[in-house]
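Engineer: Task: produce atomic coordinates for the following.
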Amino acid sequence: MTPMPEKRFRWLPIIFILLMLFVDGIGYFVSQAPTTQLFEDIACRRYYQSSTITESLLCKAPGVQREVATIFGWQAFFDGIPSLILALWYGALADRYGRRGVLFLSMLGQALGMAWVLLICWMDLPLKLTWFSSAFLVIGGGSTVTMAACMMVVTDVTQEYNRSKVFFACQATFLISEVIGPALGSIAMDSLGVWPPVLVGLVCTCVTVALAGTIPETRSRESTKYTDSNTADSLDDVLSDPGSLKQSVFEMLSNTKHTLQIMCQNRSILILVASFLIVDFSRQSLTILLQYISKRYDISLAKASYLLSYRGLATLIVYAAILPTLDTLVEKRLGLSAQMKDLQLARLSIILSSLGFGILFAAPSLKVIIIALGFLTLGTGFGSFVRSLLSSVVEPDVIGTMYTTLSIMDSLGSIAAGPIVSGLFNISMDLEGVWVGIPFLSSFLLSCVIAVLVLAVRPATLAAQQSEGTLDADDARSALLPREV
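Structural biologist: Take a look at the predicted model:
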């Protein structure tokens with residue numbers, strides 16, 4: 001396989017990634033509220049020991065809501081374990097043998113896990129059995145590996161100057177599905193019941209598996225020394241041959257050691273990588289947003305789901321218009337380098353996120369929650385800015401491992417946040433007023449910590465160096481230095 005010089009072919013993998021994000025996003029958001037309703041119905045019937053519940057308000061009882069929150073919280077914990085253990089290995093495989101095979105496996109494991117969850121619900125078995133769906137994520141490493149592989153593909157076929165904009169396009173595509181999906185799911189719930197939209201979610205995941213298996217390979221021959229046709233075969237050989245498997249483990253450990261050395265030698269890179277853990281932990285509190293709104297304001301899950309469409313629309317506007325425009329203005333009007341631009345915008349994003357969580361915690365009404373979601377939306381660019389920044393200050397050979405490391409930070413955040421957020425939500429069920437939002441208070445405090453740490457990264461004068469033509473690759477990689485203390 002050779003590098004892709006043709007403009008059409010360079011964009012073809014990105015088009016595949018955009019299609020995957022859209023289809024998978026539609027499936028997720030169409031089925032999100034119906035799945036929550038399905039879990040609530042099952043928990044409600046078991047709580048009251050009745051096969052039929054005629055009064056929906058009975059299912060808002062604290063005991064039922066605690067059960068649903070516990071199921072979702074520990075599901076996030078168990079889902080994170082395969083990612084945490086296997087993500088670096090799959091990342092090393094993607095670096096050596098190509099992105100496509102790893103991307104396909106990660107989506108296949110998720111599709112099988114989703115099918116298991118629906119089987120448990122269809123048979124009306126205890127909801128805790130859905131936790132075993134996490135075992136299927138051993139195949140491919142789960143969504144952590146999927147996201148890392150997608151970012152690798154984008155990095156392979158873009159240049160530094162437009163990479164963050166492509167990241168915005170990927171996020172915007174996913175957000176289009178967030179605008180459309182919840183509304184479609186709510187309409188389907190009201191007219192068809194919970195099962196049709198849930199099955200649509202499974203079908204969309206299966207379509208995404210097919211797209212992942214046919215995406216053009218983007219890893220160049222110079223890096224892999226394999227042809228495009230041999231890439232998938234080589235990956236199959238690795239997975240089936242113990243000798244190749246052992247060699248891949250050693251290569252993974254070597255790549256990981258090198259990546260960790262880079263992080264430890266530069267405290268600023270270490271801070272930025274570690275920030276993904278806490279940021280993801282904070283954002284995991286939004287997983288109980290539907291339950292929180294439905295419980296606190298006494299509205300149905302179907303109606304609460306429309307608020308997700310609002311959040312998706314606002315986030316789409318931010319990613320499709322505001323962030324790319326701001327990205328260009330900061331770089332051109334202020335004369336900042338690509339690295340400095342990404343750093344400054346990452347700082348702004350985390351500050352806005354902190355404000356959003358603070359307002360969400362104190363929100364006395366739905367109108368204030370909408371304002372809070374607006375601030376959170378404006379802060380969602382943090383991950384894209386930091387990924388773009390790190391991809392420009394580390395060696396190309398370890399970009400895949402670096403992205404996987406970032407995804408592992410996400411997994412650690414999810415693993416920790418799942419049971420903690422559900423526990424805080426369970427505690428809040430016995431409280432009143434502003435204290436019902438305790439999970440969002442924890443997110444506010446953690447986001448403030450990250451904001452302080454990111455502000456502590458000392459910006460280098462890259463713009464001046466670049467204008468004089470004296471900046472080389474080593475200068476760029478040493479540009480982010482910690483503040484002296």
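
Engineer: Out of the helices and strands in the chain, which is least certain?
Structural biologist: helix 462-467 (a mean of 33; mean pLDDT, DSSP states H and E).

Engineer: need the contact list for residue 82.
Structural biologist: Residue 82 makes contact with 109, 134-135, 137-138, 141-142 under the criterion C-beta atoms under 8 Å, 6 or more residues apart in numbering. (Glycine included, C-beta is placed from N, CA and C.)

Engineer: Next step: those restricted to helices.
Structural biologist: Mapping the contacts of residue 82 onto helices (DSSP state H) picks out residue 109.

Engineer: ok, the spatially most central residue of the chain to residue 407 distance?
Structural biologist: Closest to where the C-alpha atoms of the chain average out (C-alpha atoms, centre = their mean) is residue 147, at 6.8 Å. Applying C-beta to C-beta, to the nearest Å, the value for residue 147 to residue 407 is 6 Å.

Engineer: do residue 377 as well
Structural biologist: Relative to residue 407, and taking C-beta to C-beta, residue 377 is found at 22 Å.

Engineer: Looking at those two, which one has more neighbours?
Structural biologist: Legend: neighbour count by other C-beta atoms under 10 Å for residue 377 and residue 407, higher for residue 407 (28 against 24).

Engineer: from the chain's centre, how far out does whichever helix or strand the more buried one is part of sit?
Structural biologist: Per DSSP states H and E, residue 407 falls inside helix 399-428. In this view, helix 399-428 has its centroid 10 Å away from the chain centroid, taken as C-alpha atoms, centre = their mean, to the nearest Å.

Engineer: continuing past that helix, what's the next helix or strand?
Structural biologist: Once the chain leaves helix 399-428, the next helix or strand it forms, by DSSP H and E, is helix 438-455.

Engineer: counting contacts, what elements does that next one pack onto?
Structural biologist: Counting contacts by 3 or more C-beta pairs under 8 Å, 6 or more residues apart in numbering; DSSP states H and E, helix 438-455 is packed against helix 267-284, helix 338-362, helix 399-428.

Engineer: For the stretch 251-400 of the chain, give me the ranges with low pLDDT.
Structural biologist: 251-265, 394-398, 400 (pLDDT under 70).

Engineer: List only buried entries from the contacts of residue 82.
Structural biologist: Buried by 16 or more other C-beta atoms under 10 Å: 109, 134, 137-138, 141-142, out of the contacts of residue 82.

Engineer: farthest pair in the residues you listed?
Structural biologist: 134 and 141 (11.5 Å; C-beta to C-beta).

Engineer: Span of stretch 384-403 from start to end?
Structural biologist: Start-to-end span of stretch 384-403 (C-alpha to C-alpha, to the nearest Å) is 11 Å.

Engineer: for the stretch 151-300 of the chain, what spans make up the helices?
Structural biologist: 160-192, 195-214, 221-224, 228-240, 242-265, 267-284, 289-296 (DSSP state H, counting those that start in this stretch).

Engineer: What helices and strands are in contact with the first one?
Structural biologist: Using 3+ C-beta pairs under 8 Å, 6+ apart as the contact criterion, the neighbours of helix 160-192 among helices and strands are helix 7-48, helix 143-156, helix 195-214, helix 301-317, helix 323-333, helix 338-362, helix 382-393.

Engineer: I'd like the distance from stretch 420-435 to the chain centre, please.
Structural biologist: 25 Å.

Engineer: Just the buried residues of it, please?
Structural biologist: Result for stretch 420-435 [16+ other C-beta under 10 Å]: buried residues 420-426, 428.

Engineer: And the contacts of it?
Structural biologist: 62, 65-66, 69-70, 72-74, 281, 284-285, 287-288, 291-292, 295, 361-362, 364, 436-439, 442.

Engineer: What mean pLDDT does it get?
Structural biologist: Throughout stretch 420-435, pLDDT has a mean value of 82.

Engineer: Can I get stretch 72-92 in PDB, CA atoms only?
Structural biologist: C-alpha atoms of stretch 72-92 as PDB (Å, rounded to 0.1, in the frame of the first residue of the first chain):
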ATOM      1  CA  PHE A  72     -26.200   1.900  33.700                       C
ATOM      2  CA  GLY A  73     -23.500   2.900  36.100                       C
ATOM      3  CA  TRP A  74     -21.900  -0.500  36.500                       C
ATOM      4  CA  GLN A  75     -22.400  -1.200  32.800                       C
ATOM      5  CA  ALA A  76     -20.100   1.700  32.100                       C
ATOM      6  CA  PHE A  77     -17.600   0.300  34.600                       C
ATOM      7  CA  PHE A  78     -17.600  -3.200  33.000                       C
ATOM      8  CA  ASP A  79     -17.500  -1.800  29.500                       C
ATOM      9  CA  GLY A  80     -14.300   0.100  30.400                       C
ATOM     10  CA  ILE A  81     -12.400  -3.000  31.600                       C
ATOM     11  CA  PRO A  82     -11.800  -4.600  28.200                       C
ATOM     12  CA  SER A  83     -10.800  -1.200  26.700                       C
ATOM     13  CA  LEU A  84      -8.400  -0.500  29.600                       C
ATOM     14  CA  ILE A  85      -6.700  -3.900  29.300                       C
ATOM     15  CA  LEU A  86      -6.600  -4.300  25.500                       C
ATOM     16  CA  ALA A  87      -6.700  -0.800  24.000                       C
ATOM     17  CA  LEU A  88      -2.900  -0.400  23.900                       C
ATOM     18  CA  TRP A  89      -2.500  -3.800  22.200                       C
ATOM     19  CA  TYR A  90      -5.100  -3.100  19.600                       C
ATOM     20  CA  GLY A  91      -3.500   0.300  19.100                       C
ATOM     21  CA  ALA A  92      -0.100  -1.300  18.500                       C
END
